[in-house]
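In: one predicted model, sequence on top.
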There are 2 protein chains.
Amino acid sequence: KTPHFDAHSMIFYCAFKCIFTLWMHSFSNNYKTFYESLNFSYIFTIFHFLFAELGTLHLDFLLHVYCDSLSLNVSLCLLSRAMSQLILSPLSFQKNINATKIKDFPRFAHRGILLDTSRHYLPVKAILTTLETMAMNKYNVFHWHIVDDPSFPYLSRTFPNLSQKGAYHPYTHVYTPADVKMVIEFARLRGIRVIPEFDTPGHTQSWGKGQANLLTPCYSGSKPSGSFGPVNPILNTTYDFMTQFFKEISSVFPDAYVHLGGDEVDFTCWRSNPDIQKFMEDHGFGHDYSKLESFYIQRLLDIVTSTKKGYMIWQEVFDNGVKLKPDTVVHVWIGGGSNEELSKVTASGYTTILSAPWYLDYISYGQDWQKYYKVEPLNFNGTEQQKKLVIGGEACMWGEYVDATNLTPRLWPRASAVAERLWSHQNVTDINDAYSRLSAHRCRLVERGIPAEPLFSSYCPREYKAV
Amino acid sequence: KTPHFDAHSMIFYCAFKCIFTLWMHSFSNNYKTFYESLNFSYIFTIFHFLFAELGTLHLDFLLHVYCDSLSLNVSLCLLSRAMSQLILSPLSFQKNINATKIKDFPRFAHRGILLDTSRHYLPVKAILTTLETMAMNKYNVFHWHIVDDPSFPYLSRTFPNLSQKGAYHPYTHVYTPADVKMVIEFARLRGIRVIPEFDTPGHTQSWGKGQANLLTPCYSGSKPSGSFGPVNPILNTTYDFMTQFFKEISSVFPDAYVHLGGDEVDFTCWRSNPDIQKFMEDHGFGHDYSKLESFYIQRLLDIVTSTKKGYMIWQEVFDNGVKLKPDTVVHVWIGGGSNEELSKVTASGYTTILSAPWYLDYISYGQDWQKYYKVEPLNFNGTEQQKKLVIGGEACMWGEYVDATNLTPRLWPRASAVAERLWSHQNVTDINDAYSRLSAHRCRLVERGIPAEPLFSSYCPREYKAV
């Protein structure tokens, strides 16, 4: 039967919507209870009519309309999406499904994707596509590594010069307040948190272009060389700036956490600067520049705490012994020894997430998804209590070699392999079984217009760009 | 000035077209003379008006209309395209150009891209996009590796069962005669030859599905195992089939050459088959199965010669000592020792093309374009006469991990680096200079809607998918 979208099917749809909404309200808002008590036999009876009438494409369309209307309940919308994915398969417009009970719950609460919009600017459309695809893969955190050395695309209301001078282009290569709002709302409707990262004191070359005296002047002998290093930690103006800046950030981004970076601080420039040298002496830091770094971070953390936000930081901040709030999330990223790091971080009682094995920007020939899939995040020495502190992980797509031209096929379905590791039970490890399911899922993505790359020689019933 | 496309500019355009066409006709059809005698001072005077009136996008559009109308001269069309690329830069709609003399001529005559449409089916649209981008990179050979083990998408009029049974899907995953014609004509208008490859006797699993008794039955002990090996070289029916098949191919593909493959023949199945064993004995081949392979190839070459086509073959055919026509092109692809192979092939007096260092499907992290760029095809031991036999090279994009979702960003601009090596003078080797030009060129491709991936952290004035 050819699918059609007419008055008749609209009636079915509205009837369905009313019944479903009422039915949904009989559940509490508790996510776990909700999932566990789902008895699909009722709902499938209703869906059954719908499929016969609407067909795949139109149901997808309706879900879109449905989920984008603000008056509706987000979790209801998420459920509908999840079910459409479960049930609808390409090229079949009518399905009979036996009454079924499904029990499904994520193993880890934090399942994220990191996008880097500084090394290359990603148009908002590319970010939204990623969010849409994340939802199809049950990711729930968008870690927005929004600024870094190469460019500062975040348009700050308080300090507009940062993007005016620091973006690749002040009009075409920035995220306006409206853009940011759109990204956050688009994500929210898909059950995705947006955690922005404003990485300091390193990785800040682009900040220096629009904010005088923020970065440390490097010296060549006894004279400034004209180049700049990390954020200058010895000036009060630095902390005044950070206070105002993170006050804005805390109101623009509604999530309870911000990511403060803190990775890869290069001490060469600090060492060269006589004012810094004097400051080190005055504070009794000797020649240990990690103490100066900690001094800066400590003050920054206090500033951010005063905005009522929690924070995530890259592992170096923990490694350097900075005093952290108990609810800090330590982000483990360094490739060698990440198991030891997880042991140490959790032994100290901190919550942690893992990214080290999931740097998807590192490409190689062949089926590297298997490598990502085989990772077991809890495979480190530690007590049960420690293991509970690993709340999840993030697949990272750093931007050196990635922009909107290649982001999507490079991210998917490789990130789908990570998604399953973070969602499914620890004992779901059969690689052949995963291959079949992942192949089918990548064709599902292609079917929905997402150019997810192939796993190996094969085909999809409807290819990308096929008529 | 905003570009517009109105009656006024159409008049300019038509006037230009008439003058230009007349002027062009004063040149002979000799390609070399034509390029060498180009004096741009005349033509730029005319173009100058056009740019002011039409702007980048519209001129591109006009060139399309222009070049797709069959009544027009192809070389004229090519020239216009080349010039539009030379002159038009993004975001500027008016340019003044001083009278300039440009001398440009390709170093190698054969500059090709191999696409593999068997491991994954590539929709016609994806092939046309590649041809369009090839033209922007002065490639002039499309090596269409159209069939292989996994699937047989070529719809043969003579043997429709080959694709009916051997394609991934008999309707959606095939190239109809009309598709093939479209590809050839689209390529011709861009100065690109289409050389199809029908690889035998190995790489033919998909052939066997629609053509009974074509492949060798493999034996397990004294009984057929049910699986099949390479083309069966001992049956007369095989050669009858090949005669009819290549007769069709010779009329469908107008190019003077076909590629006959001949690579990676696995002897295991031949060895297992008692009929083959007997045939080997009868012909005095001993246990040297490469003699059997040569026996097959020799007869195939005779068949193809009778269709008045020249042929290209993969290097193994030469290595095995098969008697080749003097105008055979030997395709060097094996990674280790390709310089020695070029020496041997050219010492035997055969024309050759190089692909070994340009397997672009082998991806790795970082700027691997530099590796491709640094290749010097004539860097082997041999006389001047031998070097002249290297007529060019091909960048190969094998399809194990590539389909329409990731083809374009994986191919470009990495293939642009190969393109310059094959076009420019031997002494154009400065990697920094190449980086700047290649970066600008990749943004030019992005500007034209081609998702060519970035070389490194950077931006384009108009990003892909940006509004």
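Out: Everything's here; your move. Numbering: from 1, shown residues only, chains lettered A, B, ... in the order given.
In: so which helix or strand takes in residue A:126?
Out: helix A:124-136 (DSSP states H and E).
In: what about that helix, average pLDDT?
Out: Mean pLDDT, helix A:124-136: 97.
In: could I get the buried residue list for it?
Out: A:124, A:126-127, A:129-136 (16 or more other Cβ atoms under 10 Å in any protein chain shown). All C-beta atoms are positioned from the backbone trio N, CA, C, and that covers glycine.
In: and of these, the nearest to chain B?
Out: Nearest to chain B, judged by Cβ to the nearest Cβ, of the buried residues of helix A:124-136 is residue A:126 at 5.3 Å.
In: residues in contact with the closest one?
Out: By Cβ atoms under 8 Å, 6 or more residues apart in numbering or on different chains, residue A:126 lies in contact with A:404, A:407-408, B:465.
In: just to revisit the earlier point, need the next SSE after the helix holding residue A:126, C-terminal direction.
Out: strand A:141-145.
In: picking up where we left off before, now, which of the contacts of residue A:126 sits nearest residue B:211?
Out: residue A:408 (39.0 Å; Cβ to Cβ).
In: spatially nearest residue to that closest one, not counting backbone neighbours?
Out: Sequence neighbours aside, residue A:451 is the residue nearest to residue A:408 in space, at 5.1 Å (criterion: Cβ to Cβ, 6 or more residues apart in numbering or on different chains).
In: sorry, back to before: report the angle between the helix holding residue A:126 and strand A:141-145.
Out: Interaxial angle of helix A:124-136 relative to strand A:141-145 (axes from the mean of the first three to the mean of the last three Cα atoms, to 10 degrees): 150 degrees.
In: from the chain's centroid, how far away is helix A:124-136?
Out: 11 Å (Cα atoms, centre = their mean, to the nearest Å).
In: now stretch A:257-277
Out: 26 Å.
In: buried set for it?
Out: Quick answer for stretch A:257-277 (16+ other Cβ under 10 Å): A:257-262, A:265, A:267, A:269-273, A:276.
In: closest one of those to residue B:111?
Out: residue A:261 (46.1 Å).
In: okay, now the nearest residue to that closest one once chain neighbours are set aside: neighbour count?
Out: Take residue A:261 and drop its neighbours on the chain: the residue closest to it by Cβ to Cβ, 6+ apart is residue A:199, 2.6 Å away. Look at residue A:199: counted by other Cβ atoms under 10 Å in any protein chain shown, it has 22 neighbours.
In: report the contact partners of residue A:199.
Out: Contacts of residue A:199 by Cβ under 8 Å, 6+ apart are A:145, A:147-148, A:259-263, A:314.
In: wasn't it part of a helix?
Out: No: applying DSSP: H, G, I helix; E, B strand; the rest coil, one finds residue A:199 to be coil, outside a helix.
In: now do the phi/psi pair for it.
Out: Dihedral angles of residue A:199 (phi, psi; degrees, to the nearest 10) stand at phi -80, psi 120.
In: stretch A:165-181 spans what distance, first to last residue?
Out: 22 Å (Cα to Cα, to the nearest Å).
In: again with stretch A:399-415
Out: For stretch A:399-415, the end-to-end distance is 15 Å (Cα to Cα).
In: just to revisit the earlier point, out of the contacts of residue A:126, which end up buried?
Out: Judged by 16+ other Cβ under 10 Å, buried ones among the contacts of residue A:126: A:404, A:407-408, B:465.
In: quick check, nearest of those to residue A:289?
Out: Among these, and counting by Cβ to Cβ, the member closest to residue A:289 is residue A:407, at 36.0 Å.
In: state the distance from that closest one to residue B:378.
Out: 39 Å (Cβ to Cβ, to the nearest Å).
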